[in-house]
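J.: Below are the sequence and a predicted model; questions follow.
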Amino acid sequence: MSLTYMTTEELAVAIKYDSRTIRNRMVDSVLIEGIHYIKPFGGRKFLFIWEHIERDMHKSLGAFAIPMANGDICNG
């Protein structure tokens with residue numbers, strides 16, 4: 001399986017968060033190194049793994065979502 005790697009700025013656009021929020025508040029609390037992002041070649045740059053982030057965003061959505069009869073999800 002091929003994975004999609006994104007910079008902090010690309011991820012910020014995709015999930016509509018400020019890149020500083022991702023770096024300062026989400027890294028190592030919500031986004032875990034080795035699962036959601038890597039630091040290639042021992043560097044300082046973060047490369048986020050889109051498929052893993054998207055999967056876990058949908059998992060967390062399910063915790064607060066109510067399934068509806070027509071297959072939609074109500075988030076309250």
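T.: Alright, I've got the coordinates.
J.: who are the neighbours in contact with the most centrally placed residue in the chain?
T.: By C-alpha atoms, centre = their mean, the chain has its centre lying nearest to I53, at 3.0 Å. Taking C-beta atoms under 8 Å, 6 or more residues apart in numbering, we find I53 in contact with L11, I15, L31, H36. C-beta: built from backbone N, CA, C; applies to glycine.
J.: That one is in what secondary structure piece?
T.: helix 50-64 (DSSP states H and E).
J.: same thing with S29?
T.: Using DSSP H and E, S29 falls outside every helix and strand.
J.: what sits against it?
T.: Contacts of S29 by C-beta under 8 Å, 6+ apart: none found.
J.: got a pLDDT number for it?
T.: For S29, the model assigns a pLDDT of 89.
J.: Which stretches in the protein count as helices?
T.: Under the criterion DSSP state H, the chain contains helices at 8-15, 19-21, 50-64.
J.: So which of those is nearest F41?
T.: helix 8-15 (16.7 Å; C-beta to C-beta).
J.: I38 reaches H52, doesn't it?
T.: No: counting by C-beta atoms under 8 Å, I38 sits too far from H52 to count as a contact (10.4 Å).
J.: which neighbours do these two share?
T.: In contact with both I38 and H52: no residue, using C-beta under 8 Å, 6+ apart.
J.: ok so, going back, nearest to G43, out of the helices of the chain?
T.: helix 8-15 (13.1 Å).
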